[in-house]
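Undergrad: Structure, please.
(2 chains)
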Amino acid sequence: MSRQSTDVVVTGLGATTPLGGTVAATWEALLAGRSGVRRIDDADHEWVERHQLPVKIAAPLAVSPTEVLPRVKARRMDRCEQVALVAAQEAWEHAGRPEVEPDRLAVVIGTGIGGAVTLLDQDDLLESGGLRKVSPLTVPMLMPNGPAAWVGIEFGATGGVHAPVSACASGAEALAWALRLIRSGEVDVVIAGGAEACITGITVAGFVQARTLSQRNDEPERASRPFDVGRDGFVLGEGSGIMVLERAEFAAARGATVHGRLAGAGITSDAHHITGPEPEGTGQSRAILKAVSSAGLQPSDIGHVNCHATSTVVGDVGESRAVVKALGTHPILTAPKSALGHMVGAAGAVESIITLLSIKEGVIPATLNLDEMDPGVELDVVAGEPRKVDLEAAVCDSFGFGGHNAAVAFTRA
Amino acid sequence: MADNAEILSGLAEIVEEVAGIDTAEVTPEKSFVDDLDIDSLSMVEIAVQAEDKFGVKIPDDQLAELKTVGDAVSYISSHQ
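TA: The predicted model follows:
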């Protein structure tokens, strides 16, 4: 495999997810086959019963960000911003706090929804108490660039702060833009990933009405079942995944530990339907191929695909077609949303971390609940137990409402 | 009606809640911006909470004039 002239390496990982408050806790739970999905018809989610929602399950965070962040800092942020900062702090520490010129440091953190919960809360306050009850922090808390902006302030990044918004592809798209920024020579280090925290009445109701959520309320841990014939929709999750990415020469010069390479990325758009993927998977397969080619690799080099597979009837089969079209039938697949639920704008970033760890640790976590494979999917999907593998390169898929397709390719350190 | 000492301690509690500054630091001679490093967004929050706590109105043009903690205590004391 040839190397690009401007290699980009991964030096720091951070995450807070439904499975754990850190990367290590999340990875351990994934390998143990645990599920982050649970019932939410409790006091913290009184809206489930009040509106008699047919979906009573979700994948909430394992550790609340308010347990990690200082109180005064946290109260100025929407939960979506809080999770980004928690994951970014872990990633920055993991990278050994790189010493970098501020204008050579950028941030790219995407979100699908942003601070919707703040918008709703503050609208309630306006209606009940009038203008003076509305927080002056309303706009900075609800704006979708808020997670990126707070992280930029925290680490003094003056080389540009960006917030790609492409629904469920946002986190992966952020990594793609980070790769472009470093390759262009504009910056040396990028803090990149995705954040989401929108488990609330209106988002659940909206996804229900779009007929996208699983209603397997009686078996929460078995609700998210990508590629299984019994799948009936995704489970809404929340969280954040952040990587510290560096120009390889810069990381080498400071003696940083390299965990793998962000070797390539591809972004395409379907221009087909506002929610449904293009049925032949053409746009998705083009994104995968662009990622492979931008990595200087061949389809035959890709041993593993960490799938977007959300557990919807249409989406999972479509993605399997796109994988075959782009790469062939040889890659080994897995679908981490079976354990994590769907973290929307954070999904692609957290799953990229999982992809990288699969290469580094030589093991692919199992897809949970894959009892009977959809006959339309004739591929090797890891199920039951994690599988030990020797991988040189892997791709992480991420697709979003709007016809956004993003694929990211990782290789060994 | 709160006396000046009660207003000061009540105001200090609000400042601690909003900006995380120890109540002992909130003394009459301190400037909200220069000494306590409170930004304009937090000043609005502090003013709204002070209005509720002490039953006063603090219009924006008046708020801009309250440079120090002592200014705020005097304003609240004379407008209760």
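Undergrad: how much space between whatever residue of chain B ends up closest to chain A and A:E99?
TA: Closest to chain A within chain B is B:G20: 3.1 Å, counting by Cβ to the nearest Cβ. Bear in mind the C-beta positions are built from the backbone N, C-alpha and C, glycine included. Per Cβ to Cβ, to the nearest Å, B:G20 is found 28 Å from A:E99.
Undergrad: and these two? which has more neighbours close in?
TA: Between B:G20 and A:E99, B:G20 has the larger neighbour count (other Cβ atoms under 10 Å in any protein chain shown), namely 14 against 7.
Undergrad: Measure how far the helix or strand bottoming out on mean pLDDT in chain B is from the centre of its chain, please.
TA: Least confident helix or strand, chain B: helix B:60-63 with a mean of 92, by mean pLDDT, DSSP states H and E. Put simply, helix B:60-63 sits 12 Å off its chain's centre (Cα atoms, centre = their mean, to the nearest Å).
Undergrad: helices or strands up against that helix?
TA: Other helices and strands packing on helix B:60-63, by 3 or more Cβ pairs under 8 Å, 6 or more residues apart in numbering or on different chains; DSSP states H and E, are helix B:40-54.
Undergrad: Residues contacting the helix it packs on, please?
TA: Here helix B:40-54 makes contact (Cβ atoms under 8 Å, 6 or more residues apart in numbering or on different chains) with A:76, A:132-133, A:135-137, A:140, B:2, B:7, B:10-11, B:14-15, B:17-19, B:32, B:38, B:56-58, B:63, B:72, B:76, B:80.
Undergrad: show me the contacts for the closest residue to the residue of chain B closest to chain A other than its chain neighbours.
TA: Leaving aside its chain neighbours, B:G20 sits nearest to A:V72 (3.1 Å; criterion: Cβ to Cβ, 6 or more residues apart in numbering or on different chains). Applying Cβ under 8 Å, 6+ apart to A:V72 gives the contacts B:V18, B:A19, B:G20.
Undergrad: try it again with 10 Å
TA: Contact partners of A:V72, counting by Cβ atoms under 10 Å, 6 or more residues apart in numbering or on different chains, are B:E16, B:E17, B:V18, B:A19, B:G20, B:I21, B:S42.
Undergrad: what does A:V189 give?
TA: Residues counted as contacts of A:V189 (Cβ under 10 Å, 6+ apart) are A:11-12, A:92, A:95, A:98-101, A:104-107, A:155, A:157, A:159, A:178, A:181-182, A:244-247, A:250-251, A:254, A:256.
Undergrad: Could I get the phi/psi values of it?
TA: Torsion angles at A:V189 (phi, psi; degrees, to the nearest 10) stand at phi -130, psi 140.
Undergrad: Now the stretch 251-400 of chain A against chain B: closest residue?
TA: Counting by Cβ to the nearest Cβ, the stretch 251-400 of chain A gets nearest chain B through A:G345, at 25.3 Å.
Undergrad: what's around the spatially closest residue to A:L105 that is not a sequence neighbour, how many residues?
TA: Residue nearest to A:L105 in three dimensions, not counting chain neighbours: A:A157, with 4.3 Å by Cβ to Cβ, 6+ apart. For A:A157, the neighbour count with other Cβ under 10 Å is 23.
Undergrad: I'd guess A:A157 is in a helix, am I close?
TA: No. Using DSSP: H, G, I helix; E, B strand; the rest coil, the secondary structure at A:A157 is coil, not a helix.
Undergrad: returning to what we had before: could you list the buried residues of the one helix or strand the residue nearest to B:G20 maps to?
TA: If you go by DSSP states H and E, A:V72 is part of helix A:71-75. Judged by neighbour count using 16 or more other Cβ atoms under 10 Å in any protein chain shown, the buried positions of helix A:71-75 are A:A74, A:R75.
Undergrad: got it, and stretch A:128-140?
TA: The neighbour-count check on stretch A:128-140 (16+ other Cβ under 10 Å) flags A:V134, A:S135, A:P136, A:L137, A:T138, A:P140 as buried.
Undergrad: and the residues you listed near chain B, which?
TA: Filtering these for neighbours of chain B using Cβ under 10 Å from any Cβ of the partner chain leaves A:V134, A:S135, A:P136, A:L137, A:T138, A:P140.
Undergrad: Now for the last one: which residues touch it?
TA: It refers to A:P140. Counting by Cβ under 10 Å, 6+ apart, A:P140 makes contact with A:R76, A:M77, A:D78, A:E81, A:G115, A:T118, A:G146, A:A149, A:W150, B:L41.
Undergrad: Apply the buried test to these and list what passes.
TA: A:R76, A:M77, A:D78, A:E81, A:G115, A:T118, A:G146, A:A149, A:W150, B:L41.
Undergrad: Distance check, the fifth one against A:G130.
TA: In this structure, A:G115 and A:G130 are 21 Å apart, going by Cβ to Cβ.
Undergrad: can you check A:H304 too?
TA: For A:H304, the distance to A:G130 - Cβ to Cβ - is 56 Å.
Undergrad: Filter the contacts of A:V189 down to the ones in strands?
TA: Counted as lying in strands by DSSP state E, out of the contacts of A:V189, are A:T11, A:G12, A:L105, A:A106, A:V107, A:V244, A:L245, A:E246, A:R247.
Undergrad: What is the neighbour count of the last one?
TA: Neighbour count for A:R247, taken as other Cβ under 10 Å: 21.
Undergrad: wait, isn't A:R104 in contact with A:G156?
TA: No. Counting by Cβ atoms under 10 Å, A:R104 sits too far from A:G156 to count as a contact (11.2 Å).
Undergrad: Could you check which of those two is surrounded by more residues?
TA: Counted by other Cβ under 10 Å, A:R104 and A:G156 do not tie: A:R104 has more neighbours, with 18 against 11.
Undergrad: got the contact list for the residue nearest to the more buried one when sequence neighbours are not counted?
TA: Distances taken as Cβ to Cβ, 6+ apart place A:D188 nearest to A:R104, at 4.3 Å, with adjacent residues excluded. A:D188 makes contact with A:98, A:100-101, A:103-106, A:159, A:181-182, A:245-247, A:249-251, A:253-254, according to Cβ under 10 Å, 6+ apart.
Undergrad: before we move on, the earlier item: kindly indicate which of the ones in strands among the contacts of A:V189 lies nearest A:V317.
TA: A:V317 lies nearest to A:L245 out of the ones in strands among the contacts of A:V189, by Cβ to Cβ, at 32.8 Å.
Undergrad: OK, contacts around that closest one?
TA: Per Cβ under 10 Å, 6+ apart, neighbours of A:L245: A:8-12, A:91, A:95, A:106, A:108, A:175, A:178-179, A:181-182, A:187-193, A:251, A:261-262.
Undergrad: rerun that using 7 Å as the cut-off
TA: With contact set as Cβ atoms under 7 Å, 6 or more residues apart in numbering or on different chains, A:L245 has these partners: A:V8, A:V10, A:A178, A:I182, A:V190, A:A192, A:L262.
Undergrad: Nothing else from me, thank you.
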